[in-house]
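# I would like to see how this sequence folds:
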Amino acid sequence: MASDDPRRGDPAENRQLRQLRLAAGGLILAAILFLVVGDTLGRLLVNPNFHIDDVALGVLVGALLSLVFGETIVRLRR
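Numbers count the residues shown, from 1 in each chain. Alright, predicted model coming up:
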């Protein structure tokens, strides 16, 4: 039976995990947006040589990609 499948788990728990993944994705996207806007406004308002390190953007984009990849794997297993 489909209900005996151990991979399915509790529907309420699955819904909550999905909401947490979406919240994490939104938070990472907000941080990327904040970084890009901060870099742009920093050059205009603080100093023309102001620059936020590229490593910070790389880490955030990597986190977003790993989150999307993990969500894709979860959906493919169903």
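
# what residue ranges in this protein score low on pLDDT?
1-9 (pLDDT under 70).

# Centroid-nearest residue for it?
Per C-alpha atoms, centre = their mean, the C-alpha nearest to the average position across the chain is that of residue 25, at 3.0 Å.

# does that residue really touch residue 66, like I thought?
No: using C-beta atoms under 8 Å as the test, residue 25 is too far from residue 66 to be in contact (10.7 Å). The C-beta positions use only the backbone N, C-alpha and C, and glycine is treated the same way.

# what's the next secondary structure element after the longest helix seen in the chain?
Longest helix in the chain, counting residues (DSSP state H): helix 11-41. Of the helices and strands lying after helix 11-41 in sequence (DSSP states H and E), the nearest is helix 54-77.

# May I have that following helix as CSV, with CA atoms only?
C-alpha atoms of helix 54-77 as CSV (Å, rounded to 0.1, in the frame of the first residue of the first chain):
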residue,chain,number,x,y,z
ASP,A,54,32.8,38.5,-4.1
VAL,A,55,33.2,35.6,-1.7
ALA,A,56,30.1,36.7,0.3
LEU,A,57,28.0,36.7,-2.9
GLY,A,58,29.5,33.3,-3.9
VAL,A,59,28.6,31.8,-0.5
LEU,A,60,25.0,33.0,-0.7
VAL,A,61,24.6,31.8,-4.3
GLY,A,62,26.1,28.5,-3.4
ALA,A,63,23.7,28.2,-0.5
LEU,A,64,20.8,29.0,-2.7
LEU,A,65,21.9,26.4,-5.3
SER,A,66,22.4,23.7,-2.7
LEU,A,67,18.9,24.4,-1.3
VAL,A,68,17.4,24.2,-4.8
PHE,A,69,19.3,21.0,-5.5
GLY,A,70,18.2,19.4,-2.3
GLU,A,71,14.6,20.3,-3.0
THR,A,72,14.9,18.8,-6.5
ILE,A,73,16.3,15.6,-5.1
VAL,A,74,13.4,15.4,-2.5
ARG,A,75,10.8,15.9,-5.3
LEU,A,76,12.4,13.3,-7.6
ARG,A,77,12.4,10.7,-4.9
